[in-house]
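>>> coords please:
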Amino acid sequence: MESTVGRLADEERTDPATEAFVAHRNLLFTVAYEMLGSAADAEDVLQETWLRWAGVDLAAVRDRRAYLVRITTRQALTRLRTLGRRRESYVGSWLPAPLLTTPDVAEDVELAESVSMAMLLVLETLAPVERAVFVLREVFDLGYDEIAEAVDKSRAAVRQIAHRARAHVAARRPRGPVSPAETRDVLDAFRRATETGDLQGLLDLLAPDVVLLGDGGGVKQAVLRPVSGADKVARLLTAGLGRVPGAVSLGPAQVNGHPALVLRLDGELDTVLAVRIDDGLITGLYAVRNPEKLSYMQQETALRR
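Alright, predicted model coming up:
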């Protein structure tokens, strides 16, 4: 999704500040997105980062990449605290905004895992500073001194926060890596079962404790509370698709570095469905219908570490 900042690449690159910003833009977007789970808010953070960066005396900057990451992290932290208050009054479940990602994102296994819908939901359970420290350390491999400057904490405090956040995430993240091929196979079987109303076929794919989350943002109809249990989820899916008016199609897409499904209604994008798979079964279903969150499904987004 192009913005004022994104168009800087088309301008003359005689300005060193512009050159440095453009060179690291995809990295900065990825930092902001992993901290916020919102592409639109990540873009706003980049705008704010640029405004501050444009006023910096570059002669005093030793490492431009580190300096830009520091500005981005601080702006994202400020916004994250504001978003936390907004999400308390959000209608129904809040889910991260899905991204149609470039193929190279899936090739970087660690990056793909870090931006998966399942992992972003785990990161939502961290406090803002914990999330920043975890992302900068575990995803971008920044040193403790760099992170300390970014979050305005001592090095010792950052090490403690990183240890606590790592343990917190480890207890909640998907239990093991799942290959894209395995995910595609599960999604193909899921699509066939839902399209044919095959209840048993769905039950065979769902873990007993599967959870379905829907995000309509109060604009589109979606389940307002998590739906738990294979039988409830399977019956809701088979009954729900059967009641949808118009021509419905389910097709594959590369979302947040992983295979996912896109539901189109009369040819128009209606829902993005991402999954979490543990031990070969679907343990999480994440259905995003909020139109404001689907705008980044129109063109591919490049992410970088």
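
>>> Residue 207 belongs to a strand?
Yes. Assessed with DSSP: H, G, I helix; E, B strand; the rest coil, residue 207 lies in a strand.

>>> Check what pLDDT it gets.
In this model, residue 207 is scored at 98, pLDDT.

>>> Would you check how far apart the residue nearest to it when sequence neighbours are not counted and residue 174 are?
Leaving out its chain neighbours, the residue that sits closest to residue 207 by C-beta to C-beta, 6 or more residues apart in numbering is residue 281, at 4.0 Å. For every residue, glycine as well, the C-beta is placed using N, CA and C. Residue 281 sits 12 Å away from residue 174, going by C-beta to C-beta, to the nearest Å.

>>> repeat for residue 15
43 Å.

>>> Residue 73 and residue 132 touch, don't they?
Yes. Here residue 73 reaches residue 132: they are 5.6 Å apart, a contact under C-beta atoms under 8 Å.

>>> which intervals of the chain have sub-threshold pLDDT?
Low-confidence segments of the chain, defined by pLDDT under 70, span residues 1-14, 242-246.

>>> and residue 72, what helix or strand is that in?
helix 64-87 (DSSP states H and E).

>>> Could you list the buried residues of that helix?
By 16 or more other C-beta atoms under 10 Å, the buried positions in helix 64-87 come out as 64, 66-77, 79-80, 83.

>>> so what secondary structure elements neighbour that helix?
With contacts taken as 3 or more C-beta pairs under 8 Å, 6 or more residues apart in numbering; DSSP states H and E, helix 64-87 sits against helix 16-23, helix 25-36, helix 39-53, helix 128-134, helix 144-151.

>>> The longest one vs helix 16-23, what angle?
The directions of helix 39-53 and helix 16-23 differ by 160 degrees, with axes from the mean of the first three to the mean of the last three C-alpha atoms, to 10 degrees as the criterion.

>>> how big is the angle separating helix 39-53 from helix 64-87?
130 degrees.

>>> just how off-centre is helix 39-53 within its chain?
17 Å (C-alpha atoms, centre = their mean, to the nearest Å).

>>> Tell me the helices and strands packed up against that helix.
helix 16-23, helix 25-36, helix 64-87.

>>> So which residue of the chain lies furthest out from the middle?
residue 59 (35.4 Å; C-alpha atoms, centre = their mean).

>>> how close does that one get to residue 175?
Residue 59 is 50 Å from residue 175, by C-beta to C-beta.

>>> Apart from its neighbours in sequence, what residue is nearest residue 115?
residue 256 (4.8 Å).

>>> mind listing what the one you found touches?
Residue 256 makes contact with 96, 98, 99, 101, 105, 112, 115, 116, 117, 120, 274, according to C-beta atoms under 8 Å, 6 or more residues apart in numbering.

>>> Just give me the closest of these to residue 54.
residue 99 (26.7 Å; C-beta to C-beta).

>>> Can you name the residues bridging to the residue nearest to that closest one when sequence neighbours are not counted?
Closest residue to residue 99 apart from its sequence neighbours, by C-beta to C-beta, 6+ apart: residue 301 at 4.6 Å. On the basis of DSSP bridges, residue 301 is bridged to residue 101.
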